[in-house]
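1. A structural model of the following input is requested.
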Amino acid sequence: MSNMPSAPSTGGTETVVACCPPLTERPLTAEEAERTAAMFKALGDPVRLRLFSLVASHEGGEACVCDISDVGVSQPTVSHHLKKLREAGLLSSERRGTWVYYRVEPAVVAAMGQLLTPSGPSGV
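-> The predicted structure is shown next:
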């Protein structure tokens, strides 16, 4: 997988970067294709997809790792998968005391939806 880390920001949080324009708008640049492929590759693993879904659907828009770690794999494996989701730009995280809280930025979900949504008059 490509090493596409999220850009760190202040306060120990990570900024998530939206992937790209809709596929029907224009051809992707090499950078956009790399970033988008990393996102889809990260979501191609069932455990990662489940973790992403747990965070995205969690009440309040964020989830403590303690609330989402029961996905049928060990805690170190959960941490590994969450790291891969962060590196792909799908999750941001913030440490609060001994716990880490994860969130899916609305811009990421919107960008992923737009990526696969046809645009223009023929894209109904």
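
2. and the residue nearest to the spatial centre of the chain, how far is that from residue 48?
-> In the chain, the centroid-proximal residue (CA atoms, centre = their mean) is residue 90; its distance is 1.2 Å. Distance of residue 90 to residue 48, given as CB to CB, to the nearest Å: 8 Å. Placement of C-beta: from N, CA and C, glycine included.

3. For the protein, give me the ranges with low pLDDT.
-> Under the criterion pLDDT under 70, the flagged ranges of the chain are 1-19, 119-124.

4. now the strands for this structure?
-> Along the chain, counting by DSSP state E, strands occupy 7-8, 14-15, 62-64, 92-96, 99-103.

5. Now distance to residue 116 too, for those strands, in JSON lines please.
-> JSON lines is the format used below for those (distance: least, CB to CB, whole Å):
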{"stretch": "strand 7-8", "distance to residue 116": "25"}
{"stretch": "strand 14-15", "distance to residue 116": "23"}
{"stretch": "strand 62-64", "distance to residue 116": "25"}
{"stretch": "strand 92-96", "distance to residue 116": "22"}
{"stretch": "strand 99-103", "distance to residue 116": "22"}
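
6. Nearest to residue 82, out of the ones you listed?
-> Nearest of these to residue 82, taken as CB to CB: strand 99-103 at 6.5 Å.

7. Can you pull out the residues in contact with the closest one?
-> 55, 61-66, 68, 82, 85-86, 91-95 (CB atoms under 8 Å, 6 or more residues apart in numbering).

8. Show me whatever sits in contact with both of residue 90 and residue 48.
-> residue 42.

9. picking up where we left off before, so how do I select the buried members of the contacts of strand 99-103 in PyMOL?
-> Restricted to buried positions by 16 or more other CB atoms under 10 Å, the PyMOL selection for the contacts of strand 99-103 reads:
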select buried, resi 55+62+63+65+68+82+85+86+91+92+93
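
10. quick one: which of the contacts of strand 99-103 is nearest residue 43?
-> For the contacts of strand 99-103, the nearest to residue 43 is residue 85 (8.2 Å; CB to CB).

11. Need the nearest residue in space to the closest one, chain neighbours excluded.
-> Distances taken as CB to CB, 6 or more residues apart in numbering put residue 91 closest to residue 85, at 4.5 Å, once the chain neighbours are dropped.
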